[in-house]
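1. Here is a sequence together with a model predicted from it:
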Amino acid sequence: MSILLTHQQESAIDTALRQSFKFKVFGCKRLKHLHSTIDISSQIWNHSVALKNRYFKLFGKGLPKAKLQAHLAKLRKRRFPHWQAVGSQSVQAITDRLYLAWEAFFKKDIKRPPTFCKRRKYRSFTLKQAGYKILGQGRIKILGKAYRFNQSRAITGLVKTLNVRRDPLKDIYLTFSCEGVPQPEPAPKTGQSAGADFGLKDFLTLSTGEKIAAPLPLKAELRHLRKAQRVLSRKQKGSKARVRAAKDVARVHKKVVNVRNDWQWKQAHLLVLMFDFLAFETLNIKAMHQLWGRKVGDLGFADFLLKAQWLAQKLGKDLVKIDQWAPTTKTCHLCGHVQDMPLKVRVFVCGGCGNVECRDVNAGHNILEAGRRLRPGDASKTTSVASVAITAESHVL
């Protein structure tokens, strides 16, 4: 089976053997120390960006990472002693992020180079071998201070890194990246296969004829979101009232994200358990946003596909994505006749064999056939070629 991967997907495969465990930290006043550490990390990030940009303007070449790290170590001891609140390995992790972002920019995986970040928008710092100690069930010591966190399950494997992250609501989350985590047994085989066609009216239409509708959490909360944003726009910049209003807006967004993620994980898990082989189409999300706007983002096609890919790999199932330009909607899955299908025409009437079928179900059959051609040894009714991208995504549970 051919595998076409981007740079970001390759880096995801490198960390696929690691498992992440995410927990929320309790407390309010004691979290000020962690918030302060994140704020100092933002200063180090901005200083690193400035040094790298200045070095390029003076010498016309990039600043070596080892040289930057050595200079930051001197600054921590002499000029900025308050930087020592951030561990030396955390400072190295900040420079690692900076150079990985530049590498992704040069490989065109991201559109913009890394630049300065406001303190309130900077989110996290990372601890590697030192700076933390797990004290017991739901207790941890970070940079000399003890905290309690909501440990919903046991941390298995060898802990490699600890990421301390805050969200716009100022809640703190701990993410343990572990190696050597026991993998679950593959899910039992069902012998079923399905092709899935994405849509705006029906989120998924399977080749079996089943149609799956998705919730629209942003649409459901749109009235509350608009009201919260109107209140925010009336507050004076820099005031405490504006900070509270911004948290109200973030609270609505967080609810929308949680509802969407909960449904997507449950639906993806159900599909992976039901079918041994799933074929999806590759979508041009950017073009869809330009045509249909907010609803495309509310459905979250790309996020759902990443979740399904991760679950398929975890449970030992096969999932493929066919070529973006495959004419799945225009082609009759029975005779192969190709004809124009305007978007307003919802019923496929084949001009070759007279087959009458829902256009999305017909597309699901074609997607399944195109996916089967990518599996060696699978029987297929046609022999045209498509491309596949299979990604191994590590997921923060």
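-> Yes, it's here. Numbering: from 1, shown residues only.

2. Wait, a helix at Lys141?
-> No. With the criterion set as DSSP: H, G, I helix; E, B strand; the rest coil, the secondary structure at Lys141 is strand rather than a helix.

3. neighbours around Pro113, how many?
-> As a burial measure, Pro113 scores 13 neighbours (other Cβ atoms under 10 Å). For the C-beta atoms, the positions are set from N, CA and C on the backbone; glycine is no exception.

4. How about the secondary structure of it?
-> Put simply, Pro113 is coil when judged by three-state DSSP.

5. Quick check on the closest residue to it other than its chain neighbours: phi, psi?
-> Of all residues beyond its chain neighbours, the one nearest Pro113 is Phe105 (4.7 Å), with distances taken as Cβ to Cβ, 6 or more residues apart in numbering. Backbone torsions of Phe105, given as degrees, to the nearest 10, read phi -70, psi -40.

6. Start the count at 28 instead of 1 going forward.
-> Taking 28 as the first residue, the last one we looked at is Phe132.

7. can you pull the contacts of Phe132?
-> 138-141 (Cβ atoms under 8 Å, 6 or more residues apart in numbering).

8. How much space separates it from Leu95?
-> 17 Å (Cβ to Cβ, to the nearest Å).

9. Could you list the domains of this protein?
-> 45-206, 220-399 (automatic domain parsing).

10. ranges for the helices of the stretch 178-327 of the chain?
-> Assigned by DSSP state H, counting those that start in this stretch, the helices in the stretch 178-327 of the chain fall at 244-247, 249-261, 267-301, 312-319, 321-326.

11. the inter-axis angle of the second one versus helix 267-301?
-> If you take axes from the mean of the first three to the mean of the last three Cα atoms, to 10 degrees, helix 249-261 sits at 150 degrees to helix 267-301.

12. and the closest residue to Thr188 other than its chain neighbours, bridged to which residues?
-> Leaving aside its chain neighbours, Thr188 sits nearest to Ser204 (4.5 Å; criterion: Cβ to Cβ, 6+ apart). Counting by DSSP bridges, Ser204 forms beta bridges with Ser47, Thr188.

13. Hmm, Ser204 is touching Val186, no?
-> Yes. With the criterion set as Cβ atoms under 8 Å, Ser204 and Val186 qualify as a contacting pair; they are 7.3 Å apart.

14. between those two, who's got more neighbours?
-> Ser204 (21 against 17).

15. Mind pulling the model confidence for the more buried one?
-> Residue-level confidence at Ser204 comes out at 92, pLDDT.

16. could you check the distance from it over to Ala100?
-> With distances taken as Cβ to Cβ, Ser204 is found 24 Å from Ala100.

17. Kindly report the same for Arg57.
-> Summarising the geometry, the distance separating Arg57 from Ala100, computed by Cβ to Cβ, is 29 Å.

18. What is the burial count for Gly343?
-> Using other Cβ under 10 Å as the criterion, the residues surrounding Gly343 number 15.

19. For burial, what's the neighbour tally of the nearest residue to it once chain neighbours are set aside?
-> Spatially, and ignoring its direct neighbours in sequence, Gly343 is nearest to Pro213 (3.0 Å; Cβ to Cβ, 6+ apart). For Pro213, the neighbour count with other Cβ under 10 Å is 10.

20. Count the neighbours of the spatially closest residue to Val388 that is not a sequence neighbour for me.
-> Counting by Cβ to Cβ, 6+ apart, Gly236 is the residue found nearest to Val388 once chain neighbours are left out, at 5.5 Å. Gly236: 12 surrounding residues under other Cβ under 10 Å.

21. Just the pLDDT for Gly236.
-> At Gly236 the predicted local confidence, pLDDT, stands at 92.

22. these two touch, right, it and Glu384?
-> No. With the criterion set as Cβ under 8 Å, Gly236 and Glu384 do not qualify as a contacting pair; they are 9.3 Å apart.

23. okay, how far is it across stretch 191-205, tip to tip?
-> In terms of Cα to Cα, to the nearest Å, the two terminal residues of stretch 191-205 are separated by 15 Å.

24. Within the helices and strands, which one has Leu162?
-> strand 159-163 (DSSP states H and E).

25. so how far is that strand off the chain centroid?
-> Remark: strand 159-163 is offset 28 Å from the chain centroid, using Cα atoms, centre = their mean, to the nearest Å.

26. One more: stretch 144-159?
-> For stretch 144-159 - counting by Cα atoms, centre = their mean - the centre lies 19 Å from the chain centre.
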